[in-house]
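>>> model the structure of this input:
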Amino acid sequence: MNIDEIDVRVLRGPDLEAALDGVAQLRITVFREWPYLYDGSLDYEREYLSTYRDNPGALLVGAFHDGQLIGASTSTPMEDHAPEFSAPFRDLGIPPENILYGAESVLLRPYRGIGLGHRFIDLREDHARALGRTHVAFCSVIRPDDHPARPAIYRKNDSFWMGRGYDPLPGVVARFSWKDVGDTGETEKPLQFWMREL
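Next up, the predicted model:
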């Protein structure tokens with residue numbers, strides 16, 4: 001697969017509306033994998049993604065191959081995201097109004113490793129600058145190394161993120177709950193924040 005075969009673009013208006021169910025399904029599919037193990041539902045995803053339809057400061061990027069949505073990246077002003085995510089930055093003295101929060105980037109497995117992650121970050125950082133933001137932050141779930149669902153072969157994204165100038169913020173951890181695959185109810189997970197100053 002070649003990145004030149006993929007159409008990556010910011011979605012707005014009717015294009016965004018038309019893509020929401022596809023993005024919801026992508027999130028359910030990709031986040032079901034390690035390390036998120038997210039047992040999602042389409043109803044929850046539709047409600048969650050309405051943020052990107054209704055918020056003028058939000059960003060939704062779609063990646064299409066032969067007209068099919070195969071990846072997506074979302075961002076929103078930090079102050080508009082869940083309060084569990086902005087609280088740690090207030091404690092650091094960084095106003096949430098200075099931060100664009102990179103909520104997720106999801107790609108179907110066959111399309112990973114060809115440069116789409118870089119394209120998603122480029123568009124996210126461009127959007128942050130256009131909004132006058134000084135920082136971009138995101139978070140990733142923390143799972144124990146001995147978790148029974150951890151694959152025998154797994155490559156973290158840490159080196160990719162560091163190569164793009166992002167660093168983990170020591171001790172800056174949010175907590176959020178969702179239902180893991182195979183569980184009967186939601187459990188709280190720690191999420192490590194990463195950040196880059198633009």
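>>> mind checking the SS state of residue 90?
Following DSSP: H, G, I helix; E, B strand; the rest coil, the label given to residue 90 is helix.
>>> just the CA trace of the helix or strand bottoming out on mean pLDDT in the chain, in PDB.
Across the helices and strands of the chain, mean pLDDT, DSSP states H and E gives its lowest value to helix 83-92, namely a mean of 78. Extracted as PDB, the C-alpha positions of helix 83-92 are listed here (Å, rounded to 0.1, in the frame of the first residue of the first chain):
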ATOM      1  CA  PRO A  83     -13.200  17.600  32.400                       C
ATOM      2  CA  GLU A  84     -11.200  14.500  33.500                       C
ATOM      3  CA  PHE A  85      -8.800  15.400  30.700                       C
ATOM      4  CA  SER A  86      -8.300  19.100  31.300                       C
ATOM      5  CA  ALA A  87      -7.900  19.000  35.100                       C
ATOM      6  CA  PRO A  88      -4.300  17.800  35.100                       C
ATOM      7  CA  PHE A  89      -3.200  20.700  32.900                       C
ATOM      8  CA  ARG A  90      -4.800  23.300  35.200                       C
ATOM      9  CA  ASP A  91      -2.700  21.700  38.000                       C
ATOM     10  CA  LEU A  92       0.400  22.300  35.800                       C
END
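>>> what packs against the very next helix or strand once past it?
For helix 83-92, the following helix or strand on the C-terminal side (DSSP states H and E) is strand 99-107. Applying 3 or more CB pairs under 8 Å, 6 or more residues apart in numbering; DSSP states H and E, one finds that strand 99-107 contacts helix 13-31, strand 68-77, helix 83-92, helix 116-130, strand 135-141. For the C-beta atoms, the positions are set from N, CA and C on the backbone; glycine is no exception.
>>> residues contacting the residue lying closest to residue 26 once chain neighbours are set aside?
Spatially, and ignoring its direct neighbours in sequence, residue 26 is nearest to residue 106 (4.9 Å; CB to CB, 6 or more residues apart in numbering). If a contact means CB atoms under 8 Å, 6 or more residues apart in numbering, then residue 106 has 23, 26, 27, 29, 30, 31, 71, 72, 73 as its contacts.
>>> so can I have JSON lines of these showing pLDDT, neighbour count and distance to residue 158?
Output for the contacts of residue 106, formatted as JSON lines (pLDDT from 0 to 100; neighbours: other CB atoms under 10 Å; distance: CB to CB, whole Å):
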{"residue": "23", "pLDDT": "96", "neighbour count": "26", "distance to residue 158": "25"}
{"residue": "26", "pLDDT": "97", "neighbour count": "22", "distance to residue 158": "23"}
{"residue": "27", "pLDDT": "96", "neighbour count": "23", "distance to residue 158": "22"}
{"residue": "29", "pLDDT": "97", "neighbour count": "14", "distance to residue 158": "23"}
{"residue": "30", "pLDDT": "97", "neighbour count": "20", "distance to residue 158": "18"}
{"residue": "31", "pLDDT": "97", "neighbour count": "20", "distance to residue 158": "18"}
{"residue": "71", "pLDDT": "98", "neighbour count": "24", "distance to residue 158": "20"}
{"residue": "72", "pLDDT": "97", "neighbour count": "27", "distance to residue 158": "22"}
{"residue": "73", "pLDDT": "97", "neighbour count": "26", "distance to residue 158": "18"}
